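this one's structure only:
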C-alpha cells in the first residue's frame with residue numbers, strides 16, 4: 001500500500017479543498033439574509049461583531065479553517081516532497097470550485113428554483129463535517145512519492161482542467177438550462193480524481209503477480225522510507241522545541257514578512273472581498289447572482305490550477321527561473337486594471353473583470369502557500385503561513401466596511417442600491433489599494449530575488 005496511500009491522500013486533499021471555502025457561497029444568500037434581518041449593508045458587513053453568538057461562531061470557524069488548510073498543505077508537502085509546488089497548486093485549485101459545488105448541491109437537493117436560500121447554510125454545516133470524517137484516515141504521514149509521479153499527476157491535472165472547462169461552459173452557455181443533469185455531471189467530474197489511486201492499485205497488483213523479486217525490492221524500498229519518516233518526526237520535534245512564540249518573533253522581525261503581509265492584504269484579500277460582495281454587486285447591476293458567482297468560482301479555480309504548471313517555471317531543482325514574489329507582482333497588475341474596467345456600465349465588462357479578478361486572486365492564494373516556504377523556510381511553515389493569512393479577516397472587515405458605507409449612501413428606503421454608482425467609489429478605492437500592493441510586491445521581489453536565486 002505505500003505507493004497507493006499518497007494518492008489516496010491527494011484525492012482526500014482535493015475533495016476537502018473543494019468544499020472548504022464555505023464563505024464563497026455567501027453571495028448566493030447574502031441579499032436574502034440582509035432582507036430577512038432588515039439590516040443595512042454596513043450592518044451586514046459587521047454581522048460578525050453585532051451578535052455575540054455569531055462572533056463566537058466566526059472565531060471558531062476562523063480557527064478551524066486554519067487547521068483545515070494547514071493539514072492539507074502539510075500533507076501535500078510530505079506525500080509529494082519533490083513535486084510539492086505542483087501538487088499544492090493542483091489540489092488547492094479545487095477550493096476555487098467551492099461556491100459552484102455548493103450551488104450544484106443546492107440545485108440537486110432543492111431544484112433549480114432556489115427560492116429558499118437556507119439550503120446553503122445547511123450544506124455549509126454538514127458537508128464539510130461528513131467529508132472530513134470520510135477522508136481523515138488518509139491524511140496521516142506516509143512514505144513520500146519520490147519518482148514515477150509525473151504521468152499520474154498529469155492525469156489529475158487533465159481531469160481538473162476538464163472539470164474547469166465544464167464549469168465555465170455550464171456557467172456561461174448553459175446557465176439557463178433547467179436540467180438537473182448539470183450539477184450531477186459536475187459532482188461526478190470532481191469525484192473522478194479517485195480513479196488515479198484505483199489505477200495505481202491495479203498496477204501494483206499486476207507488478208506483484210509478474211515478478212516476485214520486484215515485490216521484494218518494493219518491500220525493501222518501503223523499509224528504507226523509515227528514515228524519511230524519522231526525519232519528519234525529528235522536524236516536528238524541532239518545531240515543538242522552538243515553540244510558536246519564538247517562531248513568531250523570528251518572522252515578524254523581518255521586513256520581508258511585513259512586505260509579504262501587505263502585498264497579500266492589498267491583492268489576494270481585496271479579491272476575496274470583491275467575491276464576498278458579488279451578491280449586492282449582481283443585484284445593483286441587474287445580473288443573476290448565481291451566474292456571476294459561477295463565473296467568479298470557475299475562474300478562481302483556473303487561477304489556482306494555473307499555479308501548478310507555473311511552479312515548474314518558478315522552481316526547478318531549487319534553481320529559480322522566475323521567483324514566486326515576481327510572479328505575484330505580475331498577477332497584481334491585472335487585478336488593479338480590472339477594478340478600473342468595472343467602472344463601465346457594460347455587463348460584458350462586469351463579467352470579464354469578475355473572471356480576471358477571480359483568476360488572479362486564485363493564483364495568488366495558491367502561489368502564496370509555496371511562497372511562504374520559500375521566504376521563511378519549511379520548518380515553521382504552519383506558524384508563518386497562518387500569520388500571513390491573518391490579513392484576510394482584517395482586510396475583509398476594513399475593505400468591506402468601505403464598500404458598505406458607499407453602498408448605504410446610495411441605497412433607497414428599503415436598503416437596496418441599483419446602478420453603477422453603488423460601487424463606483426468602492427472600485428476606485430479597491431483599485432488604488434491593489435496598485436499600492438503592486439508597488440509593494442515589486443519591492444518584495446527586488447529584496448528577495450538574490451536570496452531566492454541562490455537558495
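Yes, it's here. Keep in mind it's a predicted model, so treat the numbers as computed, not measured.

Need the residues that contact stretch 54-68.
For stretch 54-68, contacts defined as C-beta atoms under 8 Å, 6 or more residues apart in numbering pick out 16, 20, 22, 47-49, 132, 386, 389, 393. Just so you know, the C-beta spots here come from the backbone N, C-alpha and C atoms, and that holds for glycine as well.

now swap in stretch 411-428 and tell me
Residues beyond stretch 411-428 that count as contacts (C-beta under 8 Å, 6+ apart) turn out to be 34, 38-41, 277, 280-281, 283-286, 339-340, 342-345, 402-403, 406-408, 410.

Quote the end-to-end distance of that stretch.
End-to-end distance for stretch 411-428, by C-alpha to C-alpha, to the nearest Å: 19 Å.

What average pLDDT does it get?
Here stretch 411-428 scores 88 as its mean pLDDT.

And stretch 49-66, by the same measure?
For stretch 49-66, the mean confidence score works out to 78.

Would you mind writing the ChimeraX command to select the buried ones in the contacts of stretch 411-428?
Listed next is the ChimeraX selection for buried residues among these, using 16 or more other C-beta atoms under 10 Å:
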select :34,39,40,41,277,280,281,283,284,285,339,340,342,402,403,406,407,408,410
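
how about the contacts of stretch 54-68, which pair is most distant?
Using C-beta to C-beta, the contacts of stretch 54-68 reach their maximum pairwise distance at 16 and 49, which is 28.8 Å.

ok, so of the contacts of stretch 54-68, who is nearest residue 296?
residue 22 (15.2 Å).

With adjacent residues omitted, what lies nearest to the most centrally placed residue in the chain?
Residue closest to the average C-alpha location in the chain (C-alpha atoms, centre = their mean): residue 95, at 4.4 Å. Among residues not flanking residue 95 along the chain, residue 17 sits closest, at 4.4 Å (C-beta to C-beta, 6 or more residues apart in numbering).

now swap in residue 281 and tell me
Nearest to residue 281 is residue 423, by C-beta to C-beta, 6+ apart, at 6.0 Å.

related to what we said a few turns ago, wait, the residue nearest to residue 95 sits on residue 94?
Yes: assessed by C-beta atoms under 8 Å, residue 17 is found in contact with residue 94 at 4.5 Å.

in the chain, what spans have low per-residue confidence?
Counting by pLDDT under 70, the chain contains low-confidence ranges at 1-2, 48, 112-115, 146-148, 172-179, 203-245, 247-248, 312-321, 450-455.

Which residue ranges of this structure form strands?
Here the chain has no strands by DSSP state E.

Would you mark the buried spots in the longest helix seen in the chain?
Longest helix in the chain by number of residues (criterion: DSSP state H): helix 421-453. Across helix 421-453, burial judged by 16+ other C-beta under 10 Å covers 422-423, 425-427, 429-431, 433-438, 440-445, 448, 452.

What are the boundaries of the helices in the stretch 51-200 of the chain?
52-79, 84-92, 98-110, 118-135, 150-172, 181-191, 195-210 (DSSP state H, counting those that start in this stretch).

wait, doesn't residue 257 sit right on residue 251?
Yes: counting by C-beta under 8 Å, residue 251 is a contact partner of residue 257 at 5.0 Å.

Determine the residues that are contacts of both of the two.
Joint contacts of residue 257 and residue 251 (C-beta under 8 Å, 6+ apart) are 376, 384, 387.

Inside helices: which ones of those?
Short answer: these in helices (DSSP H) are 376, 384, 387.

ok, residue 433 to residue 302 distance?
24 Å (C-beta to C-beta, to the nearest Å).

actually residue 366, not the one I wrote
11 Å.

Show the contacting residues for residue 339.
353, 357, 427-428, 430-431, 434.

Between the residues you listed, which sits nearest residue 69?
For the contacts of residue 339, the nearest to residue 69 is residue 357 (21.2 Å; C-beta to C-beta).

Now do the contacts for that closest one.
271, 274-275, 296, 335, 338-339.

And residue 16 and residue 49? Which one has more around it.
Ranked by neighbour count (other C-beta atoms under 10 Å), residue 16 and residue 49 place residue 16 first, with 25 against 11.

Surely that one is in contact with residue 70?
No: when contacts are counted by C-beta under 8 Å, residue 16 is not listed as touching residue 70 (11.9 Å).

quick one: contacts for the closest residue to residue 443 other than its chain neighbours?
Excluding the flanking residues, the one nearest residue 443 by C-beta to C-beta, 6+ apart is residue 259, at 6.2 Å. Applying C-beta under 8 Å, 6+ apart to residue 259 gives the contacts 440, 443-444, 447.

could those be laid out in a markdown table, adding distance to residue 308?
Output for the contacts of residue 259, formatted as a markdown table (distance: C-beta to C-beta, whole Å):
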| residue | distance to residue 308 |
| --- | --- |
| 440 | 26 |
| 443 | 27 |
| 444 | 23 |
| 447 | 27 |
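
which one among these gets closest to residue 380?
Nearest to residue 380, judged by C-beta to C-beta, of the contacts of residue 259 is residue 444 at 19.1 Å.

excluding its backbone neighbours, what's nearest the closest one?
Closest residue to residue 444 apart from its sequence neighbours, by C-beta to C-beta, 6+ apart: residue 259 at 4.3 Å.

ok, now which ones touch residue 335?
Taking C-beta under 8 Å, 6+ apart as the test, what residue 335 contacts is 267, 270-271, 356-357, 360-361, 434.

how about 10 Å then?
Going by C-beta atoms under 10 Å, 6 or more residues apart in numbering, residue 335 touches 266-268, 270-271, 274, 353, 356-361, 364, 430-431, 433-435, 437-438.

Surely residue 83 touches residue 149?
Yes: counting by C-beta atoms under 10 Å, residue 83 touches residue 149, with 5.9 Å between them.

gap between the two ends of stretch 35-44?
10 Å.

Which residues are in contact with each of residue 83 and residue 149?
Counting by C-beta under 10 Å, 6+ apart, nothing touches both residue 83 and residue 149.

Narrow the contacts of stretch 54-68 to those that are buried.
16, 20, 22, 47-48, 132, 386, 389.

Could you single out the nearest of those to residue 306?
residue 20 (19.2 Å).

Residue 97 against residue 293, yeah?
No: using C-beta under 10 Å, residue 97 is not in contact with residue 293; the gap is 11.6 Å.

okay, and the common contacts of those two?
In contact with both residue 97 and residue 293: residue 24, using C-beta under 10 Å, 6+ apart.

out of these two, which sits in the more crowded spot?
residue 97 (31 against 25).

I'd like the distance between that one and residue 376.
For residue 97, the distance to residue 376 - C-beta to C-beta - is 29 Å.

Check residue 431 too.
Residue 431 is 30 Å from residue 376, by C-beta to C-beta.

what do you get for residue 120?
From residue 120 across to residue 376, the span is 37 Å (C-beta to C-beta).

Which stretches in the stretch 201-350 of the chain count as helices?
According to DSSP H, counting those that start in this stretch, the helices that the stretch 201-350 of the chain contains are 212-224, 226-242, 244-252, 255-266, 268-276, 278-284, 289-314, 324-341, 347-376.
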